[in-house]
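Chemist: below is the structure, and that's it, no one-letter string:
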């Protein structure tokens with residue numbers, strides 16, 4: 001976190017979902033991963049990013065005490081605000097924006113970054129790039145070329161999909177004022193988007209730029225993803241910074 005007298009960036013970690021595909025009975029964000037809960041890796045990355053001034057964790061309804069305990073035990077070096085999530089991802093994002101609305105409307109907050117708790121390998125470099133790109137252009141999303149996606153040609157053969165198709169990741173960052181306006185417009189129409197950029201593209205004229213994502217920044221979705229993510233995290237923090 002940086003100290004600043006100008007407009008600030010807020011980093012949001014979404015941890016209000018379920019974990020059915022990964023094999024969790026409840027919220028997969030609290031699964032143990034290389035010595036910490038999965039969500040704490042994402043919160044830590046956001047909180048330690050120099051360009052992010054405030055960190056918000058969105059918890060699932062009924063899990064405030066769990067979230068508070070986790071932050072106290074695993075991320076005690078950072079101040080993290082708590083916001084209760086909604087019934088959907090879109091609802092959780094709107095709850096955060098309403099929590100920040102006064103500061104956005106006053107100009108105190110100029111960028112909001114949103115990241116999935118289930119992407120524990122995103123580092124501060126991705127966070128900084130997202131914030132800087134959003135400040136310059138309006139919106140920023142990391143993406144990868146879908147090299148494993150094929151299309152069927154008229155003759156029945158298969159070929160890689162070309163063009164501008166990308167696999168979208170988080171963190172996604174956007175200028176705060178138009179982001180809040182987009183979610184208010186979406187609420188008025190009853191729109192529920194699959195991710196932040198879906199709402200932004202429909203209800204604003206924000207110029208969203210795609211920057212290079214990272215192959216290691218995958219979403220923990222299936223049971224084998226846990227083992228892979230844990231190994232990569234242990235390798236990354238194999239020195240004094242490794243969890244005990």
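Modeler: Arrived safely. Since the structure is predicted, the reported quantities are computational estimates derived from the model, not experimental observations.

Chemist: which of the residues in the longest helix belonging to the chain are classified as buried?
Modeler: Counting by DSSP state H, the longest helix found in the chain is helix 89-106. Residues of helix 89-106 classed as buried: 89, 90, 92, 93, 94, 95, 96, 97, 99, 100, 103, 104 (neighbour count, 16 or more other C-beta atoms under 10 Å). C-beta coordinates here come from the backbone N, C-alpha and C atoms, glycine included.

Chemist: can you tell me which two in those residues are farthest apart?
Modeler: The two members of the buried residues of helix 89-106 with the most space between them (C-beta to C-beta) are 89 and 103, at 22.3 Å.

Chemist: returning to what we had before: reformat the buried residues of helix 89-106 as a markdown table; add distance to residue 193 and pLDDT.
Modeler: Output for the buried residues of helix 89-106, formatted as a markdown table (distance: C-beta to C-beta, whole Å; pLDDT from 0 to 100):
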| residue | distance to residue 193 | pLDDT |
| --- | --- | --- |
| 89 | 8 | 95 |
| 90 | 5 | 96 |
| 92 | 12 | 97 |
| 93 | 8 | 97 |
| 94 | 10 | 98 |
| 95 | 14 | 98 |
| 96 | 14 | 98 |
| 97 | 13 | 98 |
| 99 | 19 | 98 |
| 100 | 18 | 98 |
| 103 | 23 | 98 |
| 104 | 19 | 98 |
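
Chemist: the host helix or strand of residue 42 packs against which elements?
Modeler: Element membership for residue 42 (DSSP states H and E) is helix 38-47. For helix 38-47, the packing partners by 3 or more C-beta pairs under 8 Å, 6 or more residues apart in numbering; DSSP states H and E come out as strand 8-15, strand 54-59, helix 64-74, strand 109-116, helix 124-137.

Chemist: deepest of these, which one?
Modeler: Greatest average neighbour count among the helices and strands packed on helix 38-47 goes to strand 8-15 (a mean of 27), per mean count of other C-beta atoms under 10 Å.

Chemist: tilt between that strand and helix 124-137?
Modeler: Angle of strand 8-15 versus helix 124-137, following axes from the mean of the first three to the mean of the last three C-alpha atoms, to 10 degrees, is 130 degrees.
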